[in-house]
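> Predicted model and sequence follow; I will ask about them next.
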Amino acid sequence: MSSKYQQLFGIPADQATVHVSVTVVDADMDGKAAAVAGKAAVADKSVKRSARDGEQVSDYVPSLRAPAKRPTSTLKAAPAAGPKPDLRSLPAWGIALSQEDDKWYVNFGATVWNAGTSPLLVDGFRRSGTELMDAYQYFFDAKGNQVGSKQAGTMEWDDRVGHKHWHFTDFAQYNLLDSSQKLAVRSGKEAFCLANTDTVDLTVPNAKWRPENTSLETSCGANTVVAVREVLDIGNGDTYSQDRPGQSFEITDLPNGIYYVQVLANPANKLAELSTTNNASLRKIVLGGAPSERTLEVPPVNGIEG
């Protein structure tokens, strides 16, 4: 790694070089290809698992097929031990001002990702005759065996143009905080279609290098379904750009000064995680200008502008 980037990201010198073994497989070699690929997968898994000595990392690879029926029994609480997801919020990015109908808005992008030892898997089961589902989070042991599920809020059908899918209502929350970090404005974006829209960190043990559900258009079911499965894989993130009224922050009447864009994962703690101490991120912004011409300053964070 270039010393410039090593210093920028604070990477110790003894961790700045990584050796990776690559196995190239000819897909036309029939059985030989499958055998070689299988050996490579086993080797890859052993390397990933050794990266966290003593910590259970789930081998579970989730199917995207929705389950046939809701659980007949559920856990009162998540298992005390064993693999779990770990939701983390990246600092808001792509922050910019916009004006519409004499109102001013702060637009932004937000990414919540899974740095845990298990995929976040949430199944929704429709309440008969409604556009609401009961959501359940599933848990697995280190061998990938399902060990139970617990209720985790709800999913709701979003019929708006550009959505037309089921949203999980307890995934994240976006807030604009004032200089004392008290709430000034809350985003109207309160429900989410979980999808692996962005790769964040593939060095996390058992990170999913090629997740299947990467599209918001196809990951979260149609209005005709009775059940839906939404997954956020290890090492991957779910990104939303908040650039619509009701989702971005309206700042028309806010005084000039310092504010913070807060991205908060698992806001009601309905999801079980390895830790909830890393769920929030803050990004400083400075509002200025006159009512007719607001200005916005976004100091860089970790060398990233805007």
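Cool, got the structure.
> Helix or strand next in line after the lowest-mean-pLDDT helix or strand in the chain, which one?
Between all helices and strands in the chain, the lowest mean by mean pLDDT, DSSP states H and E belongs to helix 31-50, at a mean of 41. Later in the chain than helix 31-50, the nearest helix or strand by DSSP states H and E is strand 87-89.
> That following strand pairs with which strands?
Using DSSP bridges, strand 87-89 pairs in its sheet with strand 103-114 (antiparallel).
> Give the phi and psi angles for residue 202, as a check.
Note on residue 202: its backbone torsions stand at phi -90, psi 0 [degrees, to the nearest 10].
> what does the one 4 residues further on give?
Main-chain dihedrals, residue 206, degrees, to the nearest 10: phi 60, psi 20.
> That one touches residue 234, doesn't it?
Yes - contact criterion Cβ atoms under 8 Å: residue 206 and residue 234 qualify, at 5.3 Å. All C-beta atoms are positioned from the backbone trio N, CA, C, and that covers glycine.
> between those two, what contacts are shared?
Residues touching both residue 206 and residue 234 (Cβ atoms under 8 Å, 6 or more residues apart in numbering) are residue 117.
> the more surrounded of these two?
Set residue 206 next to residue 234 and count neighbours by other Cβ atoms under 10 Å: residue 234 wins out with 29 against 23.
> Three-state assignment for that one, please.
Three-state assignment for residue 234 (DSSP: H, G, I helix; E, B strand; the rest coil): coil.
> all numbers from here: first residue = 56
Okay, residue one is now 56; in that scheme the one you just asked about reads as residue 289.
> for the stretch 206-355 of the chain, which spans come out with low pLDDT?
Applying pLDDT under 70 to the stretch 206-355 of the chain flags residues 215-218, 220, 245-246, 270-274, 276, 298-302.
> so what does the strand or helix carrying residue 154 touch, helix or strand wise?
Secondary structure assigned from DSSP H and E places residue 154 in strand 148-155. Packing contacts for strand 148-155, counted by 3 or more Cβ pairs under 8 Å, 6 or more residues apart in numbering; DSSP states H and E, involve strand 158-169, strand 335-345, strand 348-352.
> okay, those strands, which one's buried deepest?
Of all the helices and strands packed on strand 148-155, strand 158-169 carries the top mean neighbour count, a mean of 23, counting by mean count of other Cβ atoms under 10 Å.
> for the record, mean pLDDT for that one?
On average, the pLDDT along strand 158-169 is 94.
> So what's the gap between it and the chain middle?
Relative to the chain's own centre, strand 158-169 is displaced by 13 Å; criterion: Cα atoms, centre = their mean, to the nearest Å.
> tell me the mean pLDDT over the helix or strand immediately after that strand in the chain?
Note on strand 158-169: by DSSP H and E, the next helix or strand toward the C-terminus is strand 175-181. Taken as a whole, strand 175-181 has an average pLDDT of 92.
> What helices and strands are in contact with strand 175-181?
Using 3+ Cβ pairs under 8 Å, 6+ apart: strand 175-181 touches strand 187-195, strand 201-213, strand 220-223, strand 282-287.
> Quick check: which of the helices and strands packed on strand 148-155 is nearest to residue 358?
Counting by Cβ to Cβ, residue 358 lies closest to strand 335-345 out of these; the figure is 13.7 Å.
> Quickly run through the sheet partners of that closest one, with directions.
Counting by DSSP bridges, the strands paired with strand 335-345 are strand 312-320 (antiparallel), strand 348-352 (antiparallel).
> Out of these, which gets nearest to residue 226?
Going by Cβ to Cβ, the one of the strands paired with strand 335-345 nearest residue 226 is strand 312-320, 7.1 Å.
> The closest residue to residue 125 other than its chain neighbours: neighbour count?
Using Cβ to Cβ, 6 or more residues apart in numbering and skipping the chain neighbours, the partner closest in space to residue 125 is residue 180 (3.9 Å). Residue 180 is flanked by 18 other residues according to other Cβ under 10 Å.
> ok, back up a step: present the helices and strands packed on strand 148-155 as CSV; the columns should include distance to residue 283.
As requested, those are exported to CSV (distance: least, Cβ to Cβ, whole Å):
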stretch, distance to residue 283
strand 158-169, 19
strand 335-345, 28
strand 348-352, 38
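> between those, which one is nearest to residue 278?
Of all those, strand 158-169 comes closest under Cβ to Cβ, at 25.5 Å.
> quick one: the closest one to strand 282-287, angle?
On the basis of axes from the mean of the first three to the mean of the last three Cα atoms, to 10 degrees, strand 158-169 is oriented at 90 degrees to strand 282-287.
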